[in-house]
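# Structure, please.
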Amino acid sequence: MATFLAFLRAINLGRTRVFPKGDIQRVVSEAGFENVETHINTGNVRFESRMRSRAKIEAALEGSFARDRGFEVPTIVFSTTEFEVIGRDTAELDAAHPGLARHYVYLLKDEPDADALAAIAATATDKGEMVVRGRAAHALLRPGYQNGQVDPLGAAKRLGVATNRNATVIRTLAEKWC
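Numbers count the residues shown, from 1 in each chain. The predicted model follows:
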């Protein structure tokens with residue numbers, strides 16, 4: 001069996017999109033996945049599966065979540081090998097950019113195409129930049145960016161289906177689950 005990590009997008013926002021981690025564990029187990037674990041209540045899930053196709057795993061999880069919750073839950077899945085690389089990239093980028101105010105990692109369902117990559121690169125300013133590596137985009141925000149702004153660089157809207165976590169969560173999950 002292979003181990004995968006899934007990241008749920010747009011849950012626990014307000015009263016209508018509530019999905020506690022205990023319910024997430026239950027639904028993932030009921031969908032046929034094994035050894036299910038969660039980390040904090042933001043939709044981070046580790047599980048084992050005999051399935052190998054990322055697209056099929058995402059579809060199975062999204063269907064199960066929609067049936068249980070009554071709303072769509074976009075889900076982004078990585079193998080532990082893929083996520084281990086994201087964890088290393090996160091640490092490397094932190095070391096290469098000392099003094100960041102924030103480092104968010106957007107986990108992407110699909111890699112951006114060449115046009116999207118060019119548009120993302122063009123959003124760099126003295127406030128920060130977005131560095132895309134495969135299915136992860138790192139928002140490297142320098143002191144002075146507008147704290148609390150959802151997409152301070154205007155780049156996230158060009159990423160397609162994505163969910164973000166801060167660099168600390170990414171590094172923690174890579175150490176804990178990979």
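
# can we go C-alpha only for contacts and neighbour counts from here?
Noted.

# Quick one: low-confidence residue ranges for the chain.
Within the chain, no stretch has pLDDT under 70.

# Now do the same contact list for the residue nearest the centre of it.
The chain has residue 107 as the residue nearest its centroid, 3.3 Å off, counting by Cα atoms, centre = their mean. Going by Cα atoms under 8 Å, 6 or more residues apart in numbering, residue 107 touches 7, 76, 135-137, 162-165.

# Where does it fall, secondary structure wise?
strand 102-108 (DSSP states H and E).

# Tell me which stretches of this protein form strands.
2-8, 34-39, 44-49, 75-79, 102-108, 128-133, 136-141, 162-166 (DSSP state E).

# wait, which of those is closest to residue 17?
For residue 17, the closest of the strands of the chain is strand 2-8, at 11.5 Å, according to Cα to Cα.

# list the contacts for residue 90?
By Cα under 8 Å, 6+ apart, the residues touching residue 90 are 105, 138, 167, 170-171.

# Between which two of those is the distance greatest?
Farthest pair in the contacts of residue 90 (Cα to Cα) is 138 and 171. Separation: 12.8 Å.

# Please identify which of these two sits among more neighbours.
residue 138 (25 against 18; other Cα atoms under 10 Å).

# sorry, back to before: could you find the closest non-adjacent residue to the residue nearest to the centre of the chain?
Once flanking residues are discounted, residue 107 sits nearest to residue 136: 4.8 Å by Cα to Cα, 6 or more residues apart in numbering.

# how many neighbours does that neighbour have?
Per other Cα under 10 Å, the neighbour tally for residue 136 reads 26.

# Can you spell out the domain ranges of this protein, please?
2-80, 85-177 (automatic domain parsing).

# What ranges does the chain have for its helices?
21-30, 54-69, 80-96, 114-121, 167-177 (DSSP state H).

# can you redo those helices as a markdown table with distance to residue 131?
Output for these, formatted as a markdown table (distance: least, Cα to Cα, whole Å):
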| stretch | distance to residue 131 |
| --- | --- |
| helix 21-30 | 30 |
| helix 54-69 | 24 |
| helix 80-96 | 9 |
| helix 114-121 | 8 |
| helix 167-177 | 13 |
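
# Deepest in the core, which of the strands of the chain is it.
Of all the strands of the chain, strand 136-141 carries the top mean neighbour count, a mean of 25, counting by mean count of other Cα atoms under 10 Å.

# Run me through the strand neighbours of that strand, direction for each.
strand 102-108 (antiparallel), strand 128-133 (antiparallel) (DSSP bridges).

# Touching that strand from outside, list them.
With contact meaning Cα under 8 Å, 6+ apart, strand 136-141 is reached by 86, 90, 97, 100-108, 111, 127-132.
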